[in-house]
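Dropping the sequence and predicted coords here.
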Amino acid sequence: ADIETCECVESPVRGYLLEKSRVIFQLKAERNYHIFYQILSNKKPELLGVDELEGQRDTNGGQQRAMNTAGGKTLSHPPPPITQSAFDVLGFTAEEKAGVYKLTGAIMHFGNMKFKQKQREEQAEPDDADKSAYLMGLNSADLLKGLCHPRVKVGNEYVTKGQNVQQVYYSIGALAKAVYEKMFNWMVVRINNSLDTKQPRQYFIGVLDIAGFEIFDFNSFEQLCINFTNEKLQQFFNHHMFVLEQEEYKKEGIEWEFIDFGMDLQACIDLIEKPMGIMSILEEECMFPKASDMTFKAKLFDNHLGKSANFGKPRNVKGKPEAHFSLVHYAGTVDYNIIGWLEKNKDPLNETVVGLYQKSALKLLANLFSNYSASLLPPQQENLNKLMANLKTTHPHFVRCIIPNERKEPGVMDNPLVMHQLRCNGVLEGIRICRKGFPNRILYGDFRQRYRILNPAAIPEGQFIDSRKGAEKLLGSIDIDHNQYKFGHTKVSPWSYYPWGHVDPMVSPLMCPPAYPPHHPLLHSPNNPSTHPSAHKVFPTNSPFHLPPYSIRDSLLVIQWNIRAFMGVKNWPWMKLYFKIKPLLKSAETEKEMQVGGGDETGSLGSKMSWVGLIDGGDWMWLLVSWALL
């Protein structure tokens, strides 16, 4: 952002933890990526032609159904024209768009390829690969030969190796995931280049949106990566909320007894990332040619079972997927299945086919794999460390997303599940420390300038008074409970139960409550006159914005809602203070207008309307949620 003009200079995007495994496998009630559904929806028939998919409304997507549902209902997806429009707006060329669609179609055809075991031989018999090869700009015979008889390096020489059916299917899945991942990352870079303005920037506002904590019946390597990231982020939240907050009180000289909320997650984090932790042992096993999933499991148990409170041996339940070890995370105990972890960590690609990709007639595919090199260590942990280092340089704000139910059904609230999330995420403890502490702090100079209007006589204009003494005199002259705030070395801290923003009518939604409760249907009704730009006018009876008779009952409900809301806050000390501020604001505004000769009535009305427009229904909703929690 440009600090002088307060304008957005650019909006770069960074990919993190792409779940590429979804391309070939989805759990029950989970989905693949939207682009596959868009193409198969036939809402843009020419895409089916581009991808050689005419007459095929279902593909395996790598041995797994592409179409999936949640809660037994078919899910909707953005229509293809939206994606096409986004391509055009961002300046993608026709060749680039065609390349993206062709590779997406090739991935779907990869999922439909079938192989069978040759009789009396330990190798696979190839299927037809014409469509996949055509879309990727490859020779079909070369592609099949590379899949079934790849060349591998043994010592200093290359030899041809026969693959069995299972190995071929794994190779196809790995290649499909690699193509999708590289194409996705290329698109992120391409989008950033389109959005880059080349202007200098000093500050940024970052939004981190990652998958939440995952506990399924079957939890694999992908779930460990996601849950480990959430563990680190939760530890960051806990440190910021419970440790740094209390250290600030001591720094300001506020009398405070340190509270240990028991929210330290370092033991689980160390179990995963430290030397001889789970990730370290996994990487070590990947270096041994004869290592297997079972040798990996044996090393885990030798190093951690009975030695770490967060590591355990699960009880396998009949009818549920097998689990090999358990981890006690902050959100609950997760049973993990380690089958295929070594291969997933290395994620090796068939280098014979990769060589074909590099020579592909499809320019995009050749570019994606032009710099390919086999790498043992995945970048996930390195990216996570960079992410955490970046977060520690910012002033963070946290948005907690709560899952209402585990069945992915609308309108269903599982109360115990919601309470469990609030408790394990530290939300309830966060509210507790807010109620006990002083999270809202303001510098003495800012306080004096902002709230002098409460009692101008306490700080006479033109008279020099130290900022702290001015704040003390001002608060001492106001009829409020003087135990509700504390003076620090550099800041004044009001008690958090009544947030300081409630004092300032220019920033607090309490100063201008909405006419309707935020969930009320009239807010979204075309009959609601307040949504019209000319809402201040009187509408004739025949106007489409005139409220019909049946809305009288709704109006009564709105009035009742507002009265109940007012009765709930009228006795708050800060609300009483607001009642005293309001007439002072009017008198000060009138006096100012008189000094400038009356002012511009139209401009005054416009400023008031702008102020009202700043009070968003979402802010009011947020306040209601805060009140309910407190």
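Looks like it came in fine.

Break the protein into its domains for me.
20-57+64-204+349-372, 221-345, 439-511 (the TED database).

Which residue ranges of the stretch 1-150 of the chain form helices?
Remark: helices assigned in the stretch 1-150 of the chain by DSSP state H, counting those that start in this stretch are 34-40, 45-50, 80-89, 94-112, 130-136, 140-148.

Mean pLDDT and mean neighbour count added to the domains of the chain, as TSV?
The way it works is simple: take the backbone N, C-alpha and C, and place the C-beta from them, glycine included. Output for those, formatted as TSV (pLDDT from 0 to 100; neighbours: other Cβ atoms under 10 Å):
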stretch	mean pLDDT	mean neighbour count
domain 20-57+64-204+349-372	82	17
domain 221-345	89	16
domain 439-511	73	16
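
Could you report the separation of the closest residue to residue 491 other than its chain neighbours from residue 449?
Excluding its sequence neighbours, the residue lying closest to residue 491 (Cβ to Cβ, 6 or more residues apart in numbering) is residue 441, at 4.2 Å. To residue 449, residue 441 is 16 Å away according to Cβ to Cβ, to the nearest Å.

try residue 174
62 Å.

again, but for residue 268
From residue 268 to residue 449 the distance is 47 Å (Cβ to Cβ).

Likewise for residue 259?
For residue 259, the distance to residue 449 - Cβ to Cβ - is 34 Å.

now swap in residue 231 and tell me
Distance from residue 231 to residue 449, by Cβ to Cβ: 43 Å.

same check, this time on residue 472
15 Å.

before we move on, back to that, quick one: which of the helices of the stretch 1-150 of the chain is nearest residue 349?
helix 140-148 (10.9 Å; Cβ to Cβ).

May I have that closest one as CSV, with CA atoms only?
Output of helix 140-148 as CSV, limited to C-alpha atoms (Å, rounded to 0.1, in the frame of the first residue of the first chain):
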residue,chain,number,x,y,z
SER,A,140,1.1,-41.8,-27.5
ALA,A,141,3.5,-44.7,-28.0
ASP,A,142,6.4,-42.9,-26.2
LEU,A,143,4.1,-42.0,-23.3
LEU,A,144,2.9,-45.6,-22.8
LYS,A,145,6.5,-46.9,-23.1
GLY,A,146,7.6,-44.3,-20.5
LEU,A,147,4.9,-45.4,-18.1
CYS,A,148,5.3,-49.1,-18.4
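
Could you spell out the sheet neighbours of the next helix or strand along the chain from it, each with its direction?
As assigned by DSSP states H and E, the chain's next helix or strand after helix 140-148 is strand 151-154. Here strand 151-154 has these sheet partners by DSSP bridges: strand 157-160 (antiparallel).

With just CA atoms, put the strand it pairs with into CSV.
What follows is strand 157-160, C-alpha atoms only, in CSV (Å, rounded to 0.1, in the frame of the first residue of the first chain):
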residue,chain,number,x,y,z
GLU,A,157,24.2,-46.5,-16.5
TYR,A,158,20.6,-46.3,-17.4
VAL,A,159,18.5,-49.5,-17.7
THR,A,160,14.9,-50.2,-18.7
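
Starting from it, tell me the next helix or strand along the chain.
Immediately after strand 157-160, counting by DSSP H and E, sits helix 165-195.

That next one - contacts with which helices or strands?
helix 94-112, strand 124-125, helix 140-148, helix 351-358, helix 363-368 (3 or more Cβ pairs under 8 Å, 6 or more residues apart in numbering; DSSP states H and E).

give me that answer again for 7 Å
helix 94-112, helix 140-148, helix 363-368 (3 or more Cβ pairs under 7 Å, 6 or more residues apart in numbering; DSSP states H and E).

where's residue 236 relative to residue 245, distance?
In terms of Cβ to Cβ, residue 236 sits 13 Å off from residue 245.

Same check on residue 452?
Residue 452 is 29 Å from residue 245, by Cβ to Cβ.

same question, residue 345
Counting by Cβ to Cβ, the gap from residue 345 to residue 245 is 38 Å.

cool, residue 263 as well?
12 Å.

What's the separation between residue 422 and residue 415?
11 Å.

of these two, who's got more company?
residue 422 (17 against 9; other Cβ atoms under 10 Å).

Grab the nearest non-local neighbour of the more buried one.
For residue 422, the closest residue by Cβ to Cβ, 6+ apart turns out to be residue 428, at 5.4 Å.

And for residue 490?
residue 443 (6.2 Å).

Quick check: bridge partners of that neighbour?
Under the criterion used here (DSSP bridges), residue 443 is bridged to residue 491.

for residue 252, what are its contacts?
488-491 (Cβ atoms under 7 Å, 6 or more residues apart in numbering).

likewise residue 425?
234, 400.

switch to 6 Å and redo it
residue 400 (Cβ atoms under 6 Å, 6 or more residues apart in numbering).
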